[in-house]
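Enquirer: Quick check, what structure comes out for this input:
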Amino acid sequence: MLTKSLVPAAAVVAAVLILTGCSAASAHQDPPPATVQAVPGSDARHIRLTERAIQRLGITTQAVRAALVTIDGRNGTHKVIPYSAVIYDNDGSTWTFVNVRPRTFMRKSITVGAIEGDTAVLIAGPALGAAVVTVGAPELLGTEYNISGEE
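Expert: Presented below is the predicted three-dimensional model:
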């Protein structure tokens, strides 16, 4: 009889150990793919991605550069970025995402003076050499505004 009463007790102990192990394993989770932090004095936020998130989104950047262009019939040197780096907000405002630190991006206001093919000529925007996001910017905007894109 002693053997029969040990079997259910052993099953209960085994179940408790398994469940405890599962809860301990589930307590250790990978970090979230993105964290969003407020920036004092700005409506924009810092978006920090994991390396895996950057790879999955295919984030690529290009430097803001200077180019001789004609705007309104006047030649001049202006900052230019790929048109793919330009983001339009709901109200028509123009933005670009700048890589401000490793794996960290921030939306910056830009003023576009002209679009020439696949190049946006800027009247105002990030400094020369700043790395702007050319692939993955819409996903960053959705992350900043907490829009999942899933229904």
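
Enquirer: Report the residue spans of the protein with pLDDT below the cut-off.
Expert: 1-28, 149-151 (pLDDT under 70).

Enquirer: Just the helices from it, written as ranges.
Expert: 2-27, 51-57, 137-144 (DSSP state H).

Enquirer: How about the last one, which residues are buried there?
Expert: Applying a neighbour-count criterion of 16 or more other C-beta atoms under 10 Å, one finds 137, 139, 140, 141, 143, 144 buried in helix 137-144. For the C-beta atoms, the positions are set from N, CA and C on the backbone; glycine is no exception.

Enquirer: got those as TSV, with distance to residue 71 columns?
Expert: As requested, those are exported to TSV (distance: C-beta to C-beta, whole Å):
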residue	distance to residue 71
137	24
139	31
140	28
141	27
143	33
144	30
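
Enquirer: Of those residues, which is the nearest to residue 34?
Expert: Nearest to residue 34 out of the buried residues of helix 137-144 is residue 143 (C-beta to C-beta; 4.9 Å).

Enquirer: separation between residue 131 and residue 30?
Expert: Applying C-beta to C-beta, to the nearest Å, the value for residue 131 to residue 30 is 26 Å.

Enquirer: Over to residue 79?
Expert: From residue 79 to residue 30 the distance is 38 Å (C-beta to C-beta).
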